[in-house]
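Visitor: Return a 3D structure for these sequence lines:
(2 chains)
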Amino acid sequence: MATVTLKPTKVPELMLEGYSITPDAFAGKTPAQIAALPAHEGKIHVTLGDFFEVSGNAGVTAAETDIVIAGDCTRVKYIGSKMTAGTVTVNGNADMYVGGWMKGGKIHITGNVDSFCGMQMQGGEILIDGNAQNYVGCAYRGDWRGMKGGTIRIKGSAGNDIGTFMLGGTIIIEKDTFIHVSTHAEGGTVILKGDVEGRVGGQMVKGTIYVFGTIKFMMPGFKKVDRVELEVDGTKATFDHYIGDLGERHPKSKGKEIFADLYVKA
Amino acid sequence: MASGEIIIKGGFVVDPTSKMDGDVADIAIKDGKIVDKVSSSAKVIDAKGKTVMAGGVDVHAHVAGPKVNVGRLFRPEDKLLSGVCRSAMAQKNGARMESGFSIPSTFKTGYDYARMGYAFVMEAAMPPLYSPHIHEEIHDTPIIDEGALPVFGNNWFVMDYLKKGEIENTAAYIAWLLNVTKGFGVKCVNPGGTAAWGWGLNCLGLDDVVPYFDTTPREIITGLLKANEYLGLPHSMHIHQNNLGNPGNYQLTIDSLKLTEGIKTKNKFGREQVMHSTHLQFHSYGGTGWGDFESKAKEVMDYVNKNKAITVDTGNVTLDETTTMTADGPFEHHLHSLNHLKWVNVDVEMETAAGVVPYVYDPNIKVCDIQWAIGLELALYAKDMNRIFLTTDHPNAGPFTRYPRVIKWLMSKKARESVLDSFKHKDKVIDATTLHTIDRELTLYEIAQMTRSGPAKCLGMSNIYGGLAPGMNADVGIFDLNYKNMPSDPEKIETAFQRAACFIKSGEIVVKDGEVINRGHKKTVWVHVNMPENLQVKRDITQSFTKDYTVSLVNYPVRDYLAPHPFVLEVDVEA
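Guide: Numbering: from 1, shown residues only, chains lettered A, B, ... in the order given. The predicted model follows:
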């Protein structure tokens, strides 16, 4: 493995579109070549070298490349987006679209992230030590194909619209969440360790949600069917099992209607 | 319009209008028109080893209007990964941002058509009530000349008159509406069916009765055909038939085409057909359901080949993710219930309706592949290439930017076979279609007929567009294809037509090496009918605007400032 270190040298005046900060783009390049990779500040064409000091070496392939950003990226978008392998570590915060459309590899952000973290991701792992804003693991605005695979773990709290149109993969929010969880989902698993305000599973067709805390306002389209003992993310507990959203269409499998499952800790 | 002189030297000219098939000739341009000769100071463009064609003419595309805008608004995901990063040079030249794939922005629409060497595009369905918006949007689309066809097939006036067999009154109403909406001709979408949709119903057969109006698709189609010829409009009645997109609809398609028998064309614009049947691919289906869904392209084309009163366009499925949009409201609801994707439904008071649903033509799905084959079969079974035109019913079967790809498939059996071979359900597709048995490969001359001279003649503008004869508009495309030595790799055909080496529109060079370098001078083309006043129709219109419409009659017409670059075709109807 080879490590490339980016040291922020300048805070961008507008947000920096850092779509080149991925192991795939860095692989096989020298620090000078990495510094010459394209980025945008608004509509202006810039390079990574305009905002970062690049040191270390990239591996031959993305899988052999680790990227460490030694500093804050509060104003840098698209870190690790579309990456297929390798790792990205940010020692600080990051802006929107961290790991969006990601297919593989690992991203670790030690601070907070803004919205659209892991949007439409298909594989790989994202770990956020701080909080996330809205749209964790969601579909792009208007799209009906959300997160398909991989894992997102937010150690802090998250905002609205978690796992919208989710089709697969796992999202874990360790603290509280606000509204709209797995809206329109047709698969995937969302685990909420804290409390959630409401609108959990609205128009959900398939998929699973676990809630360890409380749901302040329950959706009327969910019906309690039984009480079960489960081990979820390493914790054993008793859950009330609901199915829904009863207002939505549901596919049939072997003559039986398939519903989404919502488990709330009893 | 540029007054500068240009001479395009030494290219292989492919122009059915002047019967040139690969002849090496010079094309001279002056004052925006093709001329016999120019002075020695004319700008010389070297086209040696390249193919020279007239600007393309698109007979049917949805490029402006409320449903196109609805598509743009409700599909932000269509823009996400399809934008073009403008180069610093393009920014400096004043090129506008381009975005969207199946429903591109107005700017991208104009630029992309120009890059493909297209000069004229017909917006195929204009809800009359929203015609001011459509003209504003057409004005916002750079470079290409455009016209728009108002829809009549479910119009309350039309149905009321035709129920009583009143052709003259229908014609007078059409004339009035064309004049106030600055429309081009008579479009008819799912006649009666869209009106029935107001009651949650549809008209799937020619004799299904339209609720409340007590008329039938048969009466509406026949009546509009007759009214169109009564007026002698440049274009014929332009129809999207009933029962679109359903297995087994081909028989109804042939029955509807037969309604042209006995109706004679009457016009001063060189048009020979009385009906243009659009996106025929969607109407050439056999089978009783999606399981035994099959192609009936041969059966449909056998009839079309025999009947000179008909022109058609293909509506080729291009196997892309796209956005369907049509005034066929019930069809869009049907589609939404099949694919469960988002759906928009709109009623346009007194006139029409519309629906919009995204659709993915997935090459791994058998039905989509059969649809792809049907579109190509239609063109390959055609005998008279001046009566069948290339379209994708943009964006319904695919975006117009795929025309070069369709041309590639039509010109190369090798290219068709490599697509067929890539299908997951190849054997099932072969069972349901005949494409694999067709060896025919279209020539550049036939492609020029399908995309230039044919559609121009069908629209009654064969002396203006689609050809390179002196006196015609100086719309000339130069494509990087050697007529005498065509590439063995079919991909090169697609590349050449995707990005013209040079495109001259109205005598100005607008595209060079595939890049837009000039925003040109677009025109809006419409038809103005001069006919004696029909007092009954005048009274009916006044009454209806007082009683039924939510807008007043004075606010209805398209004001001149909304279409500031007019090109008007005058039609005189004798009393």
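
Visitor: B:H276 falls within a strand, correct?
Guide: Yes. According to DSSP: H, G, I helix; E, B strand; the rest coil, B:H276 belongs to a strand.

Visitor: Surely it and B:Q241 touch.
Guide: No. If you go by CB atoms under 8 Å, B:H276 and B:Q241 don't touch, sitting 11.3 Å apart. (C-beta placed from N, C-alpha, C; glycine too.)

Visitor: Enumerate the residues of chain B near chain A.
Guide: Where chain B comes near chain A, counting by CB under 8 Å from any CB of the partner chain, the residues are B:F74, B:R75, B:P76, B:E77, B:D78, B:L80, B:A88, B:Q91, B:H340, B:L341, B:K342, B:P358.

Visitor: rerun that using 6 Å as the cut-off
Guide: The interface of chain B toward chain A, taken as CB under 6 Å from any CB of the partner chain, is made up of B:R75, B:P76, B:E77, B:L80, B:L341.

Visitor: So what's the residue count around the closest residue to chain A within the stretch 401-550 of chain B?
Guide: Distances from the stretch 401-550 of chain B to chain A, computed as CB to the nearest CB, single out B:E515 as the nearest residue at 17.7 Å. For B:E515, the tally of surrounding residues (other CB atoms under 10 Å in any protein chain shown) stands at 15.

Visitor: what sits up against stretch B:268-281?
Guide: B:60, B:225, B:234, B:236-240, B:260, B:263, B:265, B:309-315, B:374-375, B:378, B:393, B:458, B:460, B:462 (CB atoms under 6 Å, 6 or more residues apart in numbering or on different chains).

Visitor: Quick one: end-to-end length of it, please.
Guide: 31 Å (CA to CA, to the nearest Å).

Visitor: Was I right to think B:F479 contacts B:T51?
Guide: Yes. Under the contact definition of CB atoms under 6 Å, B:F479 touches B:T51, with a separation of 4.7 Å.

Visitor: Comparing these two, which residue is more hemmed in?
Guide: More crowded of B:F479 and B:T51, by other CB under 10 Å: B:F479, with 28 against 24.

Visitor: Check that one and give its pLDDT.
Guide: Looking at B:F479, its pLDDT stands at 98.

Visitor: Please apply the same query to the one 4 residues further on.
Guide: Taken from the predicted model, the pLDDT recorded for B:Y483 is 96.

Visitor: ok, now B:R86?
Guide: We note a pLDDT of 68 for B:R86 in this prediction.

Visitor: Who are the contact partners of A:F178?
Guide: Counting by CB under 6 Å, 6+ apart, A:F178 touches A:G159, A:N160, A:E197.

Visitor: The second one: what's it in contact with?
Guide: Same thing as A:N160. Shown here is A:N160, whose contacts under the criterion CB under 6 Å, 6+ apart are A:N134, A:F178, A:I179, A:H180.

Visitor: If you drop the residues flanking it in sequence, what lies closest to it?
Guide: With CB to CB, 6 or more residues apart in numbering or on different chains as the measure, A:N134 is the residue that lies nearest to A:N160, at 4.5 Å, once sequence neighbours are left out.

Visitor: Against chain B, how distant is that neighbour?
Guide: Spatial separation of A:N134 from chain B under the definition CB to the nearest CB, to the nearest Å is 16 Å.

Visitor: can you pull the contacts of that residue?
Guide: Under the criterion of CB under 6 Å, 6+ apart, the contact partners of A:N134 comprise A:S115, A:G159, A:N160, A:D161.

Visitor: Ok, A:T208 next?
Guide: If a contact means CB under 6 Å, 6+ apart, then A:T208 has A:T189, A:D261 as its contacts.

Visitor: in what helix or strand does it lie?
Guide: When secondary structure is defined by DSSP states H and E, A:T208 falls within strand A:206-211.

Visitor: which neighbours does that strand have in its sheet, and in what orientation?
Guide: Using DSSP bridges, the strands paired with strand A:206-211 in its sheet are strand A:186-192 (parallel), strand A:260-265 (parallel).

Visitor: ok, residues contacting the last one?
Guide: This points to strand A:260-265. Residues from elsewhere that reach strand A:260-265, judged by CB under 6 Å, 6+ apart: A:201, A:204, A:206-212, A:222, A:237, A:239-242, A:244.

Visitor: try 7 Å this time
Guide: The list of residues contacting strand A:260-265 from outside it, by CB atoms under 7 Å, 6 or more residues apart in numbering or on different chains, reads A:185, A:200-201, A:204-212, A:215, A:222, A:230, A:237, A:239-245.
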